[in-house]
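**Student:** How does the following fold in three dimensions:
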Amino acid sequence: MNEKRMIFVTSPPACGKTKLSKKLAKAIKHIVYLDKDTLIPLSKQIFAVAGQPYNRSSDFFEKEIRDYEYNVVMDLAFEAIKYEDLVMVNAPFTREIRDNEYIASLREKLKDYDAKLTVIWIVTDPEVCHQRMIDRASDRDTWKLENWDQYLSTVNFTIPENLIDPEDEYSLLLYHNSTDELAAESFEKLMSFFDQYE
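**Tutor:** Okay, here's the model as predicted:
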(Lines give C-alpha, C1' and ligand atoms only; values in the text may rest on other atoms or scores of the structure.)
Protein backbone atom coordinates (compact mmCIF):
# COMPACT_ATOMS: atom_id res chain seq x y z
CA MET A 1 0.00 0.00 0.00
CA ASN A 2 1.36 3.42 -0.92
CA GLU A 3 1.75 6.07 1.74
CA LYS A 4 -1.17 8.47 1.62
CA ARG A 5 -0.30 12.08 0.84
CA MET A 6 -2.21 15.32 1.06
CA ILE A 7 -0.54 17.61 -1.46
CA PHE A 8 -0.76 21.38 -1.44
CA VAL A 9 0.16 23.16 -4.67
CA THR A 10 0.78 26.64 -3.47
CA SER A 11 2.40 29.99 -4.16
CA PRO A 12 1.36 33.62 -4.45
CA PRO A 13 -1.38 34.33 -7.04
CA ALA A 14 -0.55 33.99 -10.76
CA CYS A 15 2.54 31.83 -10.22
CA GLY A 16 0.96 28.93 -12.11
CA LYS A 17 -0.78 26.84 -9.43
CA THR A 18 -3.79 25.87 -11.50
CA LYS A 19 -1.85 25.04 -14.65
CA LEU A 20 0.57 22.84 -12.71
CA SER A 21 -2.14 21.22 -10.58
CA LYS A 22 -4.24 20.24 -13.57
CA LYS A 23 -1.22 18.95 -15.47
CA LEU A 24 -0.25 16.79 -12.48
CA ALA A 25 -3.81 15.61 -11.89
CA LYS A 26 -4.06 14.55 -15.52
CA ALA A 27 -0.72 12.72 -15.44
CA ILE A 28 -1.20 10.89 -12.12
CA LYS A 29 -3.56 7.97 -11.64
CA HIS A 30 -5.83 7.74 -8.62
CA ILE A 31 -5.68 11.29 -7.36
CA VAL A 32 -8.42 13.61 -6.09
CA TYR A 33 -7.98 17.20 -7.28
CA LEU A 34 -9.55 20.10 -5.36
CA ASP A 35 -9.32 23.77 -6.33
CA LYS A 36 -10.30 26.42 -3.79
CA ASP A 37 -11.33 28.71 -6.65
CA THR A 38 -14.30 26.39 -7.25
CA LEU A 39 -15.83 28.14 -4.23
CA ILE A 40 -15.61 31.61 -5.79
CA PRO A 41 -19.24 31.63 -7.10
CA LEU A 42 -20.44 31.07 -3.54
CA SER A 43 -18.17 33.82 -2.29
CA LYS A 44 -19.45 36.21 -4.95
CA GLN A 45 -22.97 35.55 -3.71
CA ILE A 46 -21.92 36.43 -0.16
CA PHE A 47 -20.53 39.75 -1.42
CA ALA A 48 -23.77 40.42 -3.29
CA VAL A 49 -26.10 39.52 -0.42
CA ALA A 50 -24.03 41.64 1.97
CA GLY A 51 -24.14 44.58 -0.45
CA GLN A 52 -20.34 44.65 -0.66
CA PRO A 53 -18.25 45.33 -3.78
CA TYR A 54 -16.52 42.22 -5.10
CA ASN A 55 -12.98 42.63 -3.80
CA ARG A 56 -11.02 39.61 -2.61
CA SER A 57 -8.41 41.92 -1.10
CA SER A 58 -10.94 43.73 1.11
CA ASP A 59 -11.35 43.67 4.87
CA PHE A 60 -14.82 42.19 4.34
CA PHE A 61 -13.36 39.23 2.44
CA GLU A 62 -10.69 38.69 5.09
CA LYS A 63 -13.21 38.75 7.93
CA GLU A 64 -16.27 37.06 6.47
CA ILE A 65 -15.14 34.76 3.66
CA ARG A 66 -11.46 33.85 3.44
CA ASP A 67 -11.08 31.38 6.29
CA TYR A 68 -14.39 29.71 5.49
CA GLU A 69 -13.20 28.96 1.96
CA TYR A 70 -10.13 27.26 3.38
CA ASN A 71 -12.16 25.37 5.99
CA VAL A 72 -14.49 23.99 3.33
CA VAL A 73 -11.78 22.90 0.91
CA MET A 74 -9.86 21.24 3.75
CA ASP A 75 -12.99 19.42 4.94
CA LEU A 76 -13.38 18.09 1.40
CA ALA A 77 -9.70 17.09 1.32
CA PHE A 78 -9.94 15.11 4.54
CA GLU A 79 -13.12 13.44 3.33
CA ALA A 80 -11.37 12.46 0.09
CA ILE A 81 -8.23 11.07 1.70
CA LYS A 82 -10.31 8.38 3.38
CA TYR A 83 -10.81 6.85 -0.06
CA GLU A 84 -7.75 7.71 -2.14
CA ASP A 85 -3.98 7.71 -1.59
CA LEU A 86 -3.39 11.16 -3.11
CA VAL A 87 -5.42 14.30 -2.56
CA MET A 88 -4.21 17.52 -4.18
CA VAL A 89 -5.38 20.95 -3.04
CA ASN A 90 -4.72 23.97 -5.26
CA ALA A 91 -4.81 27.13 -3.12
CA PRO A 92 -2.49 29.98 -2.06
CA PHE A 93 -2.47 29.04 1.68
CA THR A 94 -0.79 32.43 2.03
CA ARG A 95 -0.77 32.57 5.83
CA GLU A 96 -1.19 28.90 6.60
CA ILE A 97 2.03 27.58 5.10
CA ARG A 98 4.14 29.98 7.19
CA ASP A 99 2.19 29.25 10.37
CA ASN A 100 4.17 26.53 12.12
CA GLU A 101 1.35 25.82 14.55
CA TYR A 102 -1.11 25.31 11.68
CA ILE A 103 1.28 22.99 9.84
CA ALA A 104 2.06 20.98 12.98
CA SER A 105 -1.65 20.59 13.70
CA LEU A 106 -2.34 19.55 10.11
CA ARG A 107 0.43 16.95 10.14
CA GLU A 108 -0.87 15.60 13.43
CA LYS A 109 -4.40 15.30 12.05
CA LEU A 110 -3.10 13.56 8.92
CA LYS A 111 -1.57 10.86 11.12
CA ASP A 112 -5.13 9.77 11.95
CA TYR A 113 -5.53 9.01 8.25
CA ASP A 114 -2.09 7.36 7.93
CA ALA A 115 -1.14 10.24 5.66
CA LYS A 116 1.59 12.85 5.32
CA LEU A 117 1.74 16.39 3.96
CA THR A 118 3.63 17.34 0.81
CA VAL A 119 3.77 20.99 -0.24
CA ILE A 120 4.71 21.84 -3.82
CA TRP A 121 5.90 25.45 -3.76
CA ILE A 122 6.00 27.28 -7.09
CA VAL A 123 9.08 29.48 -7.39
CA THR A 124 8.31 32.36 -9.76
CA ASP A 125 9.69 35.85 -10.34
CA PRO A 126 7.20 38.53 -9.18
CA GLU A 127 7.30 40.34 -12.52
CA VAL A 128 6.44 37.11 -14.32
CA CYS A 129 3.42 36.83 -12.02
CA HIS A 130 2.51 40.44 -12.78
CA GLN A 131 2.43 39.78 -16.51
CA ARG A 132 0.46 36.57 -16.09
CA MET A 133 -2.07 38.42 -13.97
CA ILE A 134 -2.44 41.02 -16.71
CA ASP A 135 -2.82 38.31 -19.35
CA ARG A 136 -5.48 36.33 -17.52
CA ALA A 137 -7.61 39.46 -16.99
CA SER A 138 -9.60 38.06 -14.08
CA ASP A 139 -11.92 40.24 -12.00
CA ARG A 140 -10.37 38.73 -8.86
CA ASP A 141 -7.13 40.57 -9.78
CA THR A 142 -8.58 44.02 -10.46
CA TRP A 143 -7.55 45.56 -7.16
CA LYS A 144 -4.15 43.87 -7.24
CA LEU A 145 -3.30 45.22 -10.68
CA GLU A 146 -4.56 48.70 -9.89
CA ASN A 147 -2.48 48.77 -6.69
CA TRP A 148 0.42 46.56 -7.72
CA ASP A 149 3.16 48.05 -5.51
CA GLN A 150 0.90 48.02 -2.46
CA TYR A 151 -0.22 44.47 -3.20
CA LEU A 152 3.35 43.28 -3.81
CA SER A 153 4.42 44.60 -0.40
CA THR A 154 1.98 42.14 1.20
CA VAL A 155 3.11 39.04 -0.71
CA ASN A 156 5.93 36.74 0.34
CA PHE A 157 7.67 35.04 -2.60
CA THR A 158 10.40 33.41 -0.50
CA ILE A 159 10.53 29.62 -0.25
CA PRO A 160 8.74 28.53 2.97
CA GLU A 161 11.62 26.51 4.40
CA ASN A 162 9.72 26.12 7.67
CA LEU A 163 7.81 23.35 5.88
CA ILE A 164 10.87 21.12 5.62
CA ASP A 165 10.51 18.02 7.77
CA PRO A 166 13.94 16.39 8.24
CA GLU A 167 12.22 13.03 8.61
CA ASP A 168 10.31 13.35 5.33
CA GLU A 169 12.26 14.05 2.15
CA TYR A 170 9.02 14.84 0.32
CA SER A 171 7.70 17.43 2.77
CA LEU A 172 8.60 20.34 0.47
CA LEU A 173 9.03 20.05 -3.30
CA LEU A 174 9.94 22.99 -5.53
CA TYR A 175 8.61 23.78 -9.00
CA HIS A 176 10.50 26.54 -10.81
CA ASN A 177 8.15 28.34 -13.15
CA SER A 178 9.67 31.61 -14.38
CA THR A 179 10.48 30.12 -17.81
CA ASP A 180 9.10 27.23 -19.87
CA GLU A 181 12.48 25.48 -19.71
CA LEU A 182 12.63 25.61 -15.90
CA ALA A 183 9.01 24.46 -15.70
CA ALA A 184 9.61 21.44 -17.92
CA GLU A 185 12.66 20.38 -15.93
CA SER A 186 10.84 20.81 -12.61
CA PHE A 187 7.81 18.88 -13.85
CA GLU A 188 9.95 15.85 -14.68
CA LYS A 189 11.42 15.93 -11.17
CA LEU A 190 7.94 16.08 -9.65
CA MET A 191 6.77 13.17 -11.75
CA SER A 192 9.67 11.05 -10.50
CA PHE A 193 8.18 11.45 -7.00
CA PHE A 194 4.70 10.44 -8.16
CA ASP A 195 6.01 7.41 -10.07
CA GLN A 196 5.82 5.41 -6.83
CA TYR A 197 2.03 5.72 -6.96
CA GLU A 198 1.68 4.19 -10.42
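**Student:** counting contacts, what elements does whichever helix or strand Lys144 is part of pack onto?
**Tutor:** Under the criterion DSSP states H and E, the helix or strand holding Lys144 is helix 142-146. Counting contacts by 3 or more Cβ pairs under 8 Å, 6 or more residues apart in numbering; DSSP states H and E, helix 142-146 packs against helix 126-136. For glycine as for every other residue, the C-beta is placed from the backbone atoms N, C-alpha and C.
**Student:** How far off centre is the helix it packs on?
**Tutor:** Distance of helix 126-136 from the chain centroid (Cα atoms, centre = their mean, to the nearest Å) equals 17 Å.
**Student:** Which positions within it qualify as buried?
**Tutor:** For helix 126-136, a neighbour-count test (16 or more other Cβ atoms under 10 Å) marks Cys129, His130, Arg132, Met133 as buried.
**Student:** Rounded mean pLDDT for the helix holding Lys144, please.
**Tutor:** Per-residue pLDDT over helix 142-146 has a mean of 90.
**Student:** and if you look at stretch 108-116?
**Tutor:** According to the model, stretch 108-116 has a mean pLDDT of 97.
**Student:** for this protein, which spans come out with low pLDDT?
**Tutor:** Counting by pLDDT under 70, the ranges of the chain that qualify are 1, 198.
**Student:** number of nearby residues for Asn156?
**Tutor:** With neighbours defined by other Cβ atoms under 10 Å, the count for Asn156 comes to 11.
**Student:** residue boundaries of the strands in this protein?
**Tutor:** Along the chain, counting by DSSP state E, strands occupy 4-10, 31-35, 86-90, 115-123, 172-176.
**Student:** report the angle between the axes of the third one and strand 31-35?
**Tutor:** The one in question is strand 86-90. Comparing the axes of strand 86-90 and strand 31-35 via axes from the mean of the first three to the mean of the last three Cα atoms, to 10 degrees yields an angle of 20 degrees.
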